[in-house]
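Q: Here is my input, please return the structure:
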Amino acid sequence: MNTKDVILQMPLRADKWEEKQLIQSFVNVGSLIPSLKGTNNQILYGRRGTGKTHVFSYLKSTIEKENDDCCIFVDLRTLGSTGSIYSDSMIPTEQRAIRLFIDLIQEIRNQIIQYITRDDEKKELFLSDVTPFLDVLLSYLNNKQINGTIKIESSNESENKKDKSSSFSLSESPSFSLTSTTGEAEKHQFNVIEEGTQIYHFDNNAIFQIFKSVLEKIYPKKIWLFIDEFAELSTDLQILLSDMIRRLFCPQKGFIIKIAAIEHRSEFKRQIDSRNYMGIELGADFSSYNLDDFMVFGNNQTQSLSFFRDLLIRHINSMLPDQDQYKNSEVLIRDIFTQEHAFEELVLAAEGVPRDAFNILAKAITSDYYNKISVSGIRKAAKNWYNEDKLSSVTSYPEAQKLLTWIIDNVIGERHARAFLLRNDIEYELINYLYDARILHIIKQNISSRDTPGMKYNVYSIDYGCYVELLNTSQAPLGLFEELSDDGSSEYCEVPKEDYRSIRRAILDMEEFNRVQNN
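A: Numbering: from 1, shown residues only. The predicted structure follows:
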């Protein structure tokens, strides 16, 4: 394959890659992997396409190679029972949660057995000691009860007998028979019928003790549980599953849990009263990391370009034969782009999201396969990708579409800027939706202003696809946003600072949007 063919055929999800390719194509950012390799229970936040699955897959492979620990990877989209059972509103939430958790434990059990039996050394060390506990575990998981009534039915059967013998029999079962030479044979039977709903009974303490015993048997090896796609569950199931994880696994020495989630679509804790809660408490039970803290470079062009250079060459080389692999990224960029500026335009269009970068690149190649990729080709492809993927998710939510239109009119149209500021102590549901859809991007957090002491703001940039058609026109954004100086003059900045002399012009007033909608 040539380089363009590789890009067009490249899997866009980490679960489609071979393990060797996952390791070869992974690009670490800062302290991300060293932080996640710690034995603390952690949640990894990140929007779709930022690489959560790739991070977990790489981490799993690395730990298996370095420590030979038991690493278990679970995708909640494909776990056990079909999703319709978990989401069936006719089944009580608690029962759906227990079914989900039973499926999770069964998957953990199966992968522990795979770990033990994958080589002769582990079979000899662990098989006879561990598998009895795992067999007992199955019996607890299959413990079911009938929530309803018990009904007993009786029936009689008779037939003529021609033999001349007689007998009488009585057994422990609820039946008897009597025969004679001249009479009828009669059989009386009792049938027990259980009527009601079959429910699962979950013995939390017994299962806790089983896993404790397993961990003691495989010590000093540890069990790492990687849970992916947590946000695919309903909120109620998220809370109940989190609570079960905290009670069953968190206290276990040698059991380490990592969960990948989307921040605004995941709920781990629900407060019951002033002292009690259900679920996982962030900071106490789990620490958290956000991939955007590593993947969005605060408009630092040097860091961003360096990351995407490494990302591009690693992914392409992982799919090329050894003799065809590129020695450095400079040669690769000269091979597929008309100029360095075209690659820089791709990085700008991707907004820190690797999956978006490869989708835009593939569209640019598809539209002009026989020529190198130009700046105009990147812009056209970015607009197509924005319309097909991101904008379509917004049009399905009319209120979010109204907000996006208002933001574009105010920030790009009136202020000629690409970014705005919002107070970080207020939750905005529609802003969160646009952020999850990768139409808004956080590029700086917790900045302050002299005008509002003690108030903190987040800097949001507007996706490249929203303004790409305006580039090279009089309506194009002039910078990140306008900064006012003490003398009243203003200028457009590209790098958000920690403190602003005045940022009044950059703050977005959401109350104004609400007033417009109400009128």
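
Q: What is the neighbour count of residue 302?
A: 8 (other C-beta atoms under 10 Å). The way it works is simple: take the backbone N, C-alpha and C, and place the C-beta from them, glycine included.

Q: got it, and the one 10 residues further on?
A: Residues contacting residue 312 under the criterion other C-beta under 10 Å number 26.

Q: same check, this time on residue 347
A: Neighbour count for residue 347, taken as other C-beta under 10 Å: 21.

Q: name the element it belongs to?
A: helix 340-350 (DSSP states H and E).

Q: Please enumerate residues in contact with that helix?
A: 301, 304-305, 308-309, 333, 337, 356-357, 360-361, 364, 372-375, 377-379, 382, 464-465, 468 (C-beta atoms under 8 Å, 6 or more residues apart in numbering).

Q: Mind checking which of those residues are buried?
A: Those of these that meet the buried threshold are 304-305, 308-309, 333, 337, 356-357, 360-361, 364, 372-375, 377-379, 382, 464-465, 468, by 16 or more other C-beta atoms under 10 Å.

Q: and residue 4, what does it touch?
A: Applying C-beta under 8 Å, 6+ apart, we find residue 4 in contact with 336, 365, 369.

Q: ugh, wrong one, I meant residue 8
A: Going by C-beta under 8 Å, 6+ apart, residue 8 touches 362, 365, 366.

Q: Before we go further, the last one is sitting in a strand, right?
A: When you say that, I think you mean residue 366. No. Counting by DSSP: H, G, I helix; E, B strand; the rest coil, one finds residue 366 to be helix, located in no strand.

Q: where's it relative to residue 312, distance?
A: 17 Å (C-beta to C-beta, to the nearest Å).

Q: ok, the residue nearest in space to the middle of the chain - contacts?
A: Most central in the chain under C-alpha atoms, centre = their mean is residue 229, positioned 3.0 Å from the mean C-alpha point. Contact analysis of residue 229 by C-beta under 8 Å, 6+ apart lists 75, 76, 77, 260.

Q: rewinding a little: got a winner among the contacts of residue 8 for most neighbours?
A: Neighbour counts for the contacts of residue 8, by other C-beta under 10 Å, peak at residue 365, which reaches 21 neighbours.

Q: Would you mind confirming that that one is in contact with residue 372?
A: No. Between residue 365 and residue 372 there is no contact under C-beta atoms under 8 Å: 9.9 Å.

Q: Identify those among the buried ones among the contacts of helix 340-350 that sit within strands.
A: Judged by DSSP state E, strands contain none of those.

Q: Can you list the low-confidence ranges for the stretch 251-400 of the chain?
A: 297-299 (pLDDT under 70).

Q: all helices for it, in order.
A: 292-295, 301-317, 329-336, 340-350, 354-367, 375-385, 391-395, 398-407 (DSSP state H, counting those that start in this stretch).

Q: Dump the ones you listed into JSON lines; add distance to residue 129 as well.
A: Listed next are these as JSON lines, based on distance: least, C-beta to C-beta, whole Å:
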{"stretch": "helix 292-295", "distance to residue 129": "41"}
{"stretch": "helix 301-317", "distance to residue 129": "41"}
{"stretch": "helix 329-336", "distance to residue 129": "50"}
{"stretch": "helix 340-350", "distance to residue 129": "50"}
{"stretch": "helix 354-367", "distance to residue 129": "43"}
{"stretch": "helix 375-385", "distance to residue 129": "54"}
{"stretch": "helix 391-395", "distance to residue 129": "51"}
{"stretch": "helix 398-407", "distance to residue 129": "55"}
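
Q: quick one on the thing from earlier: just the contacts of residue 229: which are in strands?
A: 75, 260.

Q: tell me the SS of residue 505?
A: Under three-state DSSP, residue 505 falls in the helix class.

Q: Wait, it touches residue 415, no?
A: Yes. With contact defined as C-beta under 8 Å, residue 505 counts as touching residue 415 (6.6 Å).

Q: and which of the contacts of residue 229 is nearest to residue 48?
A: Set against residue 48, the nearest of the contacts of residue 229 by C-beta to C-beta is residue 260 (10.9 Å).

Q: Go through stretch 391-405 and flag the buried ones.
A: Across stretch 391-405, burial judged by 16+ other C-beta under 10 Å covers 391, 393, 394, 400, 401, 403, 404.

Q: Could you save these as CSV and add columns showing distance to residue 272?
A: CSV is the format used below for those (distance: C-beta to C-beta, whole Å):
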residue, distance to residue 272
391, 41
393, 35
394, 36
400, 32
401, 37
403, 34
404, 37
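
Q: Nearest to residue 58 among these?
A: Looking across the buried residues of stretch 391-405 and measuring by C-beta to C-beta, the closest to residue 58 is residue 393, at 27.9 Å.

Q: Can you name the residues that contact the nearest residue to the closest one once chain neighbours are set aside?
A: Spatially, and ignoring its direct neighbours in sequence, residue 393 is nearest to residue 437 (4.9 Å; C-beta to C-beta, 6 or more residues apart in numbering). Residue 437 is in contact with 390, 393, 394, 400, counting by C-beta under 8 Å, 6+ apart.

Q: And those residues, which two are furthest apart?
A: 390 and 400 (11.3 Å).

Q: just for the stretch 1-150 of the chain, where's the confidence low?
A: If you take pLDDT under 70 as the line, the stretch 1-150 of the chain has these spans: 1, 81-87, 143-150.

Q: how does this protein divide into domains?
A: 31-141+207-294, 145-199, 298-378, 397-518 (automatic domain parsing).

Q: Make a markdown table out of those domains and add distance to residue 10.
A: Shown next, in a markdown table, are the domains of the chain (distance: least, C-beta to C-beta, whole Å):
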| stretch | distance to residue 10 |
| --- | --- |
| domain 31-141+207-294 | 13 |
| domain 145-199 | 47 |
| domain 298-378 | 6 |
| domain 397-518 | 19 |
